[in-house]
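Asker: fold the stuff below for me.
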Amino acid sequence: MKVLKRILTELRLYACNQVINQLPSRHLRMLFYRHLMGFHLGASTSIFMNCRFDCAKGLTIGSTTVINQGCRLDSRGGLRIGCNVSISEEVCILTADHDPSRPDFSGRSRPVVVEDYVFIGTRAMILPGVTLHRGAVVAAGAVVSRDVGALDIVGGVPARPLGVRNPQLAYSAEYSRLLH
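Answerer: All right, here's what the predicted structure looks like:
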């Protein structure tokens, strides 16, 4: 029974990452993600084509958030993304890694939290255990290994402070396209 469950889990993930994520219908993808992957997705949230997931469950996304194409979302350690978040193309958010200080290089997981009104630029990487607080901005290509404060703008490798964002955040990140 354990082997059968493992096979079914792997088939679901394979279907998600190799077939479903290629469908040019947002509505069909969202149905699959909600009902078969067990993701909690807010109203008017869009996950564009070619996004990849490391496991079922563990992913919560608030309303009017957009995940652009080609992103990798790892929810093994728990991933919570707030409302009105904009995640650009090819962003990688990791919640699991290996412990280099252990002789067996064992795996470990730590949750990632992306609060409301966060913007993450193209090809940025968010590492396990990080919280991006309300209104934070992560520049394209940045590698974030530490928490980012509310309204802080960071960039670089590793990410360092670049500035502070205007605190008056009153917009909707809702963005959906017919065939994406």
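
Asker: need the contact list for the most centrally placed residue in the chain.
Answerer: Residue closest to the average C-alpha location in the chain (C-alpha atoms, centre = their mean): residue 73, at 4.1 Å. Neighbouring residues of residue 73 by C-beta atoms under 8 Å, 6 or more residues apart in numbering: 51-54, 59, 67, 79, 93. Placement of C-beta: from N, CA and C, glycine included.

Asker: so it versus residue 81, what's the distance?
Answerer: Distance of residue 73 to residue 81, computed by C-beta to C-beta, to the nearest Å: 8 Å.

Asker: turn the buried ones among the contacts of residue 73 into a named PyMOL selection, would you?
Answerer: Buried residues within these, by 16 or more other C-beta atoms under 10 Å, are selected in PyMOL with:
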select buried, resi 51+53+54+59+67+79+93
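
Asker: which of the contacts of residue 73 sit farthest apart?
Answerer: The distance between the two most remote of those (C-beta to C-beta) is 14.3 Å, for 54 and 67.

Asker: please enumerate the helices of the chain.
Answerer: Here the chain has its helices, by DSSP state H, at 2-18, 26-35.

Asker: so which other helices or strands are in contact with the first one?
Answerer: Translated: helix 2-18. Helices and strands touching helix 2-18, by 3 or more C-beta pairs under 8 Å, 6 or more residues apart in numbering; DSSP states H and E, are strand 52-53.

Asker: rerun that using 10 Å as the cut-off
Answerer: In terms of contacts (3 or more C-beta pairs under 10 Å, 6 or more residues apart in numbering; DSSP states H and E), helix 2-18 is packed against helix 26-35, strand 52-53.

Asker: ditto for the last one
Answerer: Helix 26-35 is packed against helix 2-18, strand 40-41, strand 46-47, with contacts defined by 3+ C-beta pairs under 10 Å, 6+ apart.

Asker: from the contacts of residue 73, which is closest to residue 43?
Answerer: So of the contacts of residue 73, ranked by how close each gets to residue 43 (C-beta to C-beta), first place is residue 67, at 14.7 Å.

Asker: pull the contacting residues for residue 84.
Answerer: 42, 62-66, 115-119, 134-135, 169-174 (C-beta atoms under 10 Å, 6 or more residues apart in numbering).

Asker: now do residue 39
Answerer: 16, 30, 32-33, 45, 47, 53, 56-61, 73, 75, 79.

Asker: ok, 6 Å please
Answerer: By C-beta atoms under 6 Å, 6 or more residues apart in numbering, the contact set of residue 39 is 33, 59.

Asker: distance check, it against residue 57.
Answerer: Taking C-beta to C-beta as the criterion, residue 39 is separated from residue 57 by 8 Å.

Asker: with residue 24 instead?
Answerer: 26 Å.
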